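*Asks:* build me a model:
(one chain, ligands or ions: 2)
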Amino acid sequence: YKFWQTQPVPKLGEKNEVVEEGPFKIVDIDQVPKQPGPLVDGFEWVTMDLTQDSELKEVYELLYGHFVEDDHGQFRFNYSVSFLKWALLSPGWTKEWHVGVRATASRKLVAFISGVPVELRVRQKVLHASEINFLCIHKKLRAKRLAPVLIKEITRRCYLQKTWQAIYTAGVVLPKPVSTCRYFHRSLNWQKLYEVGFSPMPRHSTVAQQIRNYKLPEKTSTKGLRQMEAKDLDAVLALFKSYMGKFDMAPVFTKEEIDHWMLHKNDAPGDRVVWTYVVEDPDTKEITDFFSFYGLESSVIGNEKHNNVRAAYVFYYASTVGLTSTPPGENEALKTRLNALVNDALILAKKFKFDVFNALTLMDNSLFLEQQKFGAGDGQLHYYLYNYNTNTIAGGVNRSNNIDQNCSGVGMVML
Ligand SMILES: CCCCCCCCCCCCCC(=O)SCCNC(=O)CCNC(=O)[C@H](O)C(C)(C)COP(=O)(O)OP(=O)(O)OC[C@H]1O[C@@H](n2cnc3c(N)ncnc32)[C@H](O)[C@@H]1OP(=O)(O)O
Ligand SMILES: Cc1c(COc2ccc(F)c(F)c2F)oc2cccc(OCCCNCc3cccnc3)c12
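*Replies:* Numbers count the residues shown, from 1 in each chain. Ligands and ions are numbered 1, 2, ... in the order given. Predicted coordinates:
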């Protein structure tokens, strides 16, 4: 960790004594360089303009070929252009935080890192932070210590905008996870997941038996369930605010952010990214629950029958049933309600042709994962905070990496 031990982050290995939470360092903005640091010869810094479809397409192509793969190099995320627009042009975005590296001669985009602003509550403190994602270096430029250069550059640009903290996730262990969640998957199209090599055939089972095991009803069952509309914004905002208050770490969204992150715009060009449903009590007309999921494809590398897997990911949700101080693990009403809602979400995701429904062990997900037939994945997602000393937050898994019914303190879903 030659680079990370120079950074304002906790050291790995330090025993977890309780700390007073706060920044590691107070930054003097006058000391922050006004210009980027040097890049290796033949390459130059660029600030992307992602309002230009041509530049958005360049980021898409870079990520399509060079972003996160699974350990066996079988799958690679395939973030769509409309997904990247949604993720990177969110309320308060600035082009300064869309950082690229181009080869000077060819103009080819060879590296990228991004940030978008988020008001992030960590226990009782709200941080004006940057959500860092899409760090990507072309495969031909790997292992040249370019990542620390990119990280230092986006740090400089965040500091110049008086943003002293950041949140980021990674599948790799770095100094030092604030929380760790585990991947879970619920098959929707078992045969395809088997054919792409994602789902193994359990011993003594058959394709027919597996398909039967994951069969879902045609219709949803929750009374009053319907797609979210603009008229629901205030109700969803209020419900989100009170539900998310129970987690140690969660975003504080404005109405504009609920609109952006939850509401699909029917006239938006390109493929749909987010699906949000509300439950309207037929009598009181009150919005008692909502849930959402986002769509993200993974390219299948080297499979003659399929080149994509369509995955839906659990996004945010809330239920009035969960607004009690009862510990979630003891809130049978919440467990019942969430299982009904997620079962409906599975039915809807299958209707929208998703092959798999993915979830982490964060929020109150451990209340439905087993009952809804999610299987544990071999991936883990580590959460990190930059320049903020934080006591560990429960990630919904225990020391032996199994579901912890006491749920999780993580209420921040990263894309
Ligand atoms: C206040 C504002 C602050 C803003 C910034 C907050 C921090 C943001 C931090 C970034 C959040 C990103 C969130 C996401 O997007 S996570 C997804 C990251 N992207 C990928 O996995 C895509 C495929 N992989 C690649 O493109 C490259 O392998 C990357 C770019 C990942 C590393 O390139 P490369 O393989 O050519 O290595 P190097 O020789 O240049 O550099 C080696 C150094 O880099 C450290 N490394 C390796 N992987 C990661 C990683 N995922 N996060 C942080 N650090 C990482 C590594 O420990 C070593 O440092 P040290 O061990 O010597 O110390
Ligand atoms: C990723 C991921 C998986 C792997 O999913 C599949 C991969 C290939 C398949 F064929 C398939 F069917 C999958 F379900 O299962 C998950 C379950 C829960 C959450 C998951 O990813 C959380 C979103 C991660 N964002 C990408 C990322 C990762 C690391 C750093 N920055 C961004 C995942």
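
*Asks:* residues from the stretch 301-415 of the chain in reach of ligand 2?
*Replies:* Within reach of ligand 2 by C-beta under 6 Å from any ligand atom, the stretch 301-415 of the chain has these residues: V309, A311, Y313, V356, N358, A359, L360, G377, G379, L381, M414. Where C-beta positions appear, they are placed from N, C-alpha and C, glycine not excepted.

*Asks:* please redo it, this time with the cut-off set to 8 Å
*Replies:* 309, 311, 313-314, 355-356, 358-360, 377, 379, 381, 414-415 (C-beta under 8 Å from any ligand atom).

*Asks:* and for the stretch 101-250 of the chain?
*Replies:* 133-135, 168-171, 181, 183-185, 193, 196-199.

*Asks:* mind redoing it with 6 Å?
*Replies:* Counting by C-beta under 6 Å from any ligand atom, the stretch 101-250 of the chain sits next to ligand 2 at N133, T169, A170, G171, Y183, F184, H185, L193, V196, F198.

*Asks:* which SS state does the nearest residue to the fourth one once chain neighbours are set aside fall under?
*Replies:* Looking back up the chat, that one is G171. The shortest distance from G171 to any non-neighbouring residue, by C-beta to C-beta, 6 or more residues apart in numbering, is to G379 (6.0 Å). Three-state call for G379 (DSSP: H, G, I helix; E, B strand; the rest coil): strand.

*Asks:* so how far is ligand 1 from G379?
*Replies:* 12 Å (C-beta to the nearest ligand atom, to the nearest Å).

*Asks:* and if you look at L120?
*Replies:* From L120 to ligand 1 the distance is 12 Å (C-beta to the nearest ligand atom).

*Asks:* what residues are bridge-paired with that residue?
*Replies:* In this entry, L120 is beta-bridged to L127, P251, by DSSP bridges.

*Asks:* ok, it touching I132?
*Replies:* No: look at L120 against I132 with C-beta atoms under 8 Å: they stay out of range, at 11.9 Å.

*Asks:* what residues are shared contacts of those two?
*Replies:* Residues touching both L120 and I132 (C-beta atoms under 8 Å, 6 or more residues apart in numbering): I167.

*Asks:* rewinding a little: could the residues of the stretch 101-250 of the chain next to ligand 2 be laid out in TSV, adding secondary structure?
*Replies:* Formatted as TSV, those follow (three-state DSSP):
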residue	secondary structure
N133	strand
T169	strand
A170	strand
G171	coil
Y183	strand
F184	strand
H185	strand
L193	helix
V196	coil
F198	coil
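
*Asks:* the strands in the stretch 101-250 of the chain, which residues?
*Replies:* 109-122, 125-137, 165-170, 179-187, 225-227, 249-251 (DSSP state E, counting those that start in this stretch).

*Asks:* state the mean pLDDT of the last one.
*Replies:* Which is strand 249-251. Averaging pLDDT along strand 249-251 yields 98.

*Asks:* in contact with the residue nearest to G171, which residues?
*Replies:* D70, G171, R182, Y183.

*Asks:* for N307, same thing?
*Replies:* S299, V300.

*Asks:* one more pass at 6 Å, please.
*Replies:* V300 (C-beta atoms under 6 Å, 6 or more residues apart in numbering).

*Asks:* tell me the spacing between it and L120.
*Replies:* Distance, N307 to L120, by C-beta to C-beta, to the nearest Å: 37 Å.

*Asks:* please apply the same query to Y383.
*Replies:* 11 Å.

*Asks:* give me the buried stretch members for stretch 137-144, please.
*Replies:* Within stretch 137-144, the residues that qualify as buried are I137, H138, L141, counting by 16 or more other C-beta atoms under 10 Å.

*Asks:* show residues contacting it.
*Replies:* H66, V110, A111, L146.

*Asks:* hmm, 8 Å instead?
*Replies:* V40, L62, G65, H66, V110, A111, L146, A147, L150.

*Asks:* so the third one: helix, strand or coil?
*Replies:* In other words, G65. helix.

*Asks:* just the contacts of G379 that are near ligand 1?
*Replies:* Filtering those for proximity to ligand 1 by C-beta under 6 Å from any ligand atom leaves nothing.

*Asks:* just flag the most distant two among those.
*Replies:* Pairwise distances among the contacts of G379 were taken by C-beta to C-beta; the largest, 14.7 Å, belongs to D70 and R182.

*Asks:* name the residue in these two with the higher neighbour count.
*Replies:* R182 (24 against 16; other C-beta atoms under 10 Å).

*Asks:* show me the contacts for the more buried one.
*Replies:* Contacts of R182 (C-beta under 8 Å, 6+ apart): L360, T361, A376, G377, G379, Q380, L381, G395, G396, V397, N401, I403.

*Asks:* again, but for R272
*Replies:* By C-beta under 8 Å, 6+ apart, the neighbours of R272 are S82, H264, G295, F352.

*Asks:* ok, it to W86 distance?
*Replies:* With C-beta to C-beta as the criterion, R272 and W86 are 10 Å apart.

*Asks:* what do you get for V40?
*Replies:* In terms of C-beta to C-beta, V40 sits 33 Å off from W86.

*Asks:* higher neighbour count, those two?
*Replies:* Per other C-beta under 10 Å, whichever of V40 and W86 has more neighbours is W86, with 22 against 11.

*Asks:* the top helix by length along the chain: which residues count as buried?
*Replies:* Scanning the chain for the helix with the most residues, using DSSP state H, yields helix 332-351. By 16+ other C-beta under 10 Å, the buried positions in helix 332-351 come out as 334-335, 337-350.

*Asks:* rewinding a little: which of the buried residues of stretch 137-144 lies closest to E370?
*Replies:* I137 (38.2 Å).

*Asks:* ok, back up a step: where do the contact lists of R272 and W86 overlap?
*Replies:* Among the neighbours of R272, none is also in contact with W86 (C-beta under 8 Å, 6+ apart).

*Asks:* which residues of this protein lie near ligand 1?
*Replies:* Checking the chain against ligand 1 by C-beta under 6 Å from any ligand atom, the hits are 1-4, 66-68, 130, 132-137, 142-148, 151, 154-155, 158, 163-166, 168, 170, 172, 174, 386-387.

*Asks:* list only buried entries from those residues.
*Replies:* 66-68, 130, 132-137, 146-147, 151, 154-155, 158, 163-166, 168, 170, 386-387.

*Asks:* if we can go back for a sec, of the contacts of R272, just the buried ones, PyMOL syntax please.
*Replies:* Those of the contacts of R272 that count as buried under 16+ other C-beta under 10 Å are selected in PyMOL with:
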select buried, resi 82+295
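
*Asks:* sort out for me which of the contacts of R272 are in helices.
*Replies:* Using DSSP H, those in helices are S82.
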